[in-house]
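S.K.: Structure here, sequence nowhere to be found:
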């Protein structure tokens, strides 16, 4: 079996998994935006204060001079609980774990509302860990205060792709590849090339790419949601960027930008055994 046949087989399995894994167990998939978005008790200033009081700079990251911005994605359930936080953009395992820990420890929020009814809503929060330039005179118990918590309102607007409005996480009619799922699988299998370095080193696995399909059907802002290897990640991004325009998503009869996640499985054939 050729590499492309193995990739195609992996893609078939991945497409089957999309419907199984995309709906989080709230009875329905959380919205990406609601008429009334979830809010932390006391508002944005209270959120910033709570984070600054509860984040502790990991000792290993501090010793190694590691800093940067971790982005955590989670949902606020219908009851206001923080659900299923995950790292959307990683910097360092220690910083990632601290960001997840503090998000999980949050009190309940005021839930989002859609047509007067509480709904589960996705939320993305960036947390910047920044070390002071000079740490000689800083007391250990105050070091955690040096992690800079960026204002949520500013950062959230910063993270939004430039579509005039934030893409939806789901639409009444989801975007579709020209010709449907079978055509998508065929197109990917014909256009993916297994990176030579990854093949030589026996590297394989599933890369997940997140992107948006714009109102005009164009593939926009693809990024790695789950990484396996730089060579495989780059190939997955390359092939996604090369895609033709899709049929855009529709909401109330109007084309809208919609987020889409696509898993691409790179699988090497098993070595042939001598008879």
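M.R.: Great, that's in hand. These numbers were taken from a predicted model, which means no experiment stands behind them.
S.K.: list the contacts for the nearest residue to residue 169 once chain neighbours are set aside?
M.R.: Excluding the flanking residues, the one nearest residue 169 by CB to CB, 6 or more residues apart in numbering is residue 32, at 3.0 Å. Where C-beta positions appear, they are placed from N, C-alpha and C, glycine not excepted. Applying CB atoms under 8 Å, 6 or more residues apart in numbering to residue 32 gives the contacts 121-122, 166-170, 259.
S.K.: residues contacting residue 73?
M.R.: Contacts of residue 73 (CB under 8 Å, 6+ apart): 85-88, 122-125.
S.K.: among these, which ones are buried?
M.R.: 85, 87-88, 122-125 (16 or more other CB atoms under 10 Å).
S.K.: From those, which land in strands?
M.R.: Counting by DSSP state E, those place 85, 87-88, 122-125 in strands.
S.K.: So which residue is dead centre in the protein?
M.R.: Closest to where the C-alpha atoms of the chain average out (CA atoms, centre = their mean) is residue 88, at 4.1 Å.
S.K.: now the protein, which segments are flagged as low pLDDT?
M.R.: Counting by pLDDT under 70, the low-confidence segments of the chain come to 1-28, 33, 133-165, 271-275.
S.K.: Tell me where it has helices.
M.R.: 3-21, 44-54, 59-63, 93-104, 152-159, 181-191, 196-200, 230-241 (DSSP state H).
S.K.: From residue 168, how far out is residue 241?
M.R.: Distance from residue 241 to residue 168, counting by CB to CB, to the nearest Å: 21 Å.
S.K.: Give me the more crowded residue out of the two.
M.R.: residue 168 (18 against 13; other CB atoms under 10 Å).
S.K.: contacting residues for that one?
M.R.: 31-33, 249, 251, 256-259.
S.K.: Likewise for residue 82?
M.R.: Per CB under 8 Å, 6+ apart, neighbours of residue 82: 74-76, 103-104, 106, 108-109.
S.K.: The residue nearest to residue 203 when sequence neighbours are not counted: neighbour count?
M.R.: Counting by CB to CB, 6+ apart, residue 203 lies nearest to residue 229, which is 4.7 Å off, once chain neighbours are set aside. Counted with other CB under 10 Å, residues neighbouring residue 229 total 17.
S.K.: How about residue 209?
M.R.: Neighbours of residue 209 under the rule other CB under 10 Å: 21.
S.K.: nearest to residue 213, of the buried ones among the contacts of residue 73?
M.R.: Nearest to residue 213 among the buried ones among the contacts of residue 73, counting by CB to CB, is residue 122 at 17.1 Å.
S.K.: what residues are up against that closest one?
M.R.: With CB under 8 Å, 6+ apart, residue 122 has these contacts: 30-32, 73-75, 169.
S.K.: and for stretch 109-118, what are the contacting residues?
M.R.: 31, 34-41, 76-82, 119-121.
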